[in-house]
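Novice: build the 3D model from these lines:
(one chain, ligands or ions: 1)
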Amino acid sequence: MSITNILVMNGPNLSRLGKREPEVYGRRSLGEINDGLVQAFPEVEFGFFQSEHEGALIDKLFEIEDHGGCSGVILNAGALTHYSIALRDAIAAVKVPVVEVHLSNIYAREEFRHRSVISEVCGGVIGGFGVQSYHLGVRGLLGMLAK
Ligand code: DQA
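Specialist: Residues are numbered from 1 along each chain as shown. Below you'll find the model as predicted:
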């Protein structure tokens, strides 16, 4: 069985999961969410990266693009989703497929969250399923990579 490498990237404020607005984002910490992925997909080699900074996420995308070893990315860009043209352009600039995920259903929330500037350059978009959004994202990405 060959190993697939997936990088799970999380943007600003997602380090606060579990404590931050639990009624919206649930009670699980980011570490617990990541551990759940490792348990659910033993055939996948995961890397995890979280940053509060736009540029650090962009640097990471270019690092995996230039150094390889990563087949695809699961990205919860947090609020950057809604306005970061720089992140959008970085996703468009890399060959590795990126799947956009959100814990909440951004279309059922404030109007400013209804627009994602990154969806257009992502291979797929999943939102509204809480922690399961990450799992569904991995499933979708694996299907995409198998093609
Ligand atoms: C989020 C939705 C964004 O609107 C918000 O800024 C986040 C989290 C989600 O996972 O539901 O930080 O990406």
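Novice: residue boundaries of the helices in this structure?
Specialist: 22-25, 30-40, 54-67, 85-93, 132-146 (DSSP state H).
Novice: please name every helix or strand in contact with the fourth one.
Specialist: Of the remaining helices and strands, those touching helix 85-93 by 3 or more Cβ pairs under 8 Å, 6 or more residues apart in numbering; DSSP states H and E are helix 54-67. Any C-beta I mention is one placed from the backbone N, CA and C, and that applies to glycine too.
Novice: helix or strand with the lowest mean pLDDT in this protein?
Specialist: helix 22-25 (a mean of 92; mean pLDDT, DSSP states H and E).
Novice: nearest to Gly11 among the helices of the chain would be which one?
Specialist: Of all these, helix 54-67 sits nearest to Gly11, with 5.8 Å by Cβ to Cβ.
Novice: just to revisit the earlier point, between the helices of the chain, which gets the lowest average pLDDT?
Specialist: In terms of average pLDDT, helix 22-25 trails the rest of the helices of the chain, at a mean of 92.
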